[in-house]
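Participant: Compute the structure for the input listed below.
(one chain, ligands or ions: 2)
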Amino acid sequence: MRLPKVRELKEAIKSLFSPAYTSDFPRKPHIPYERFRGRPYFHEEDCTGCTACAQVCPAKAIEINDEIKGALAKRKLTVHWDICIFCGQCQANCLTAKGIMLSREFDLATTEKREDLKQTIEKEFVLCESCAEPIVPYDQYVWVAKKLGPLSFTNASLLLFYLRSIGLALKERIHPGPGSKPAAINRSTRIKTLCPRCRREAVLKS
Ligand code: SF4
Ligand code: SF4
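Facilitator: Ligands and ions are numbered 1, 2, ... in the order given. Below you'll find the predicted structure:
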């Protein structure tokens, strides 16, 4: 039988009299270290609905569904915790840096159904004021307008959203609602919020 090396014996004796390196989980709650990558959560107020997180997710754990039915025009963003690999790419590449953030939750054991392990948020779409087609989520438009500040005044659509975000433009003025009749495109249409197709037409006609 080989005798233990002196160094190993020393370590064994030392560990007998030192506190445990592991936590007492599950008897006591375990608090992971500060930068631990746990379950990601959307933070609705900071998310613009831009979908950048879904595009960079290597596990395809973020699902995007655009629902455009009659009076409904919204984008649904769902993070599936059963597919997530906790890599943190969504948080690192989030447009606002706070729209989706990893928590320190690590204990995902549950009796819930797998398909229930998810979080879904919804974002209202901006609709074209001419044809009522969805353009981008409203929060994304406002985010861009605020980011540009006075520079957004060079773009009619962004200007309207900027004014709306500071309470100087009425919602109805710039949001006709889904299912509205397409408005005639003329010179004055240029100062409305338009989808790329109607914008091209308005520019050509003016
Ligand atoms: S942590 Fe990684 S796998 Fe999980 S949702 Fe974010 S990008 Fe996808
Ligand atoms: S704002 Fe962030 S969390 Fe929201 S859709 Fe864009 S990248 Fe994802």
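Participant: Confirm for me that Lys60 is in contact with Val79.
Facilitator: No: Lys60 is beyond contact range of Val79, at 11.0 Å (criterion: CB atoms under 8 Å). Every C-beta, even on glycine, is put in place using the N, C-alpha and C of the backbone.
Participant: ok, the two, which is more surrounded?
Facilitator: More crowded of Lys60 and Val79, by other CB atoms under 10 Å: Val79, with 23 against 10.
Participant: Who are the contact partners of the more buried one?
Facilitator: Neighbouring residues of Val79 by CB atoms under 8 Å, 6 or more residues apart in numbering: Pro40, Tyr41, Phe42, Ala61, Ile62, Glu63, Cys90, Ile100, Lys118, Gln119.
Participant: Next, it: secondary structure please.
Facilitator: Secondary structure, DSSP: H, G, I helix; E, B strand; the rest coil: Val79 is strand.
Participant: for Lys74, same thing?
Facilitator: Bear in mind the rule, three-state DSSP; under it Lys74 is strand.
Participant: For it, give its distance to Val203.
Facilitator: In this view, Lys74 and Val203 are 29 Å apart by CB to CB, to the nearest Å.
Participant: So which bits of this structure are right by ligand 2?
Facilitator: Contact residues (CB under 6 Å from any ligand atom) of the chain with ligand 2: 42, 47-53, 77, 94-96, 99-100.
Participant: and with 8 Å instead?
Facilitator: 42-43, 46-54, 62, 77, 90, 93-100, 123, 140, 143 (CB under 8 Å from any ligand atom).
Participant: before we move on, back to that, go through the contacts of Val79 and say which is closest to Ser165.
Facilitator: Closest approach to Ser165 among the contacts of Val79 (CB to CB): Phe42, at 21.1 Å.
Participant: what pairs with that closest one across the strands?
Facilitator: For Phe42, the beta-bridge partners are Ile100 (DSSP bridges).
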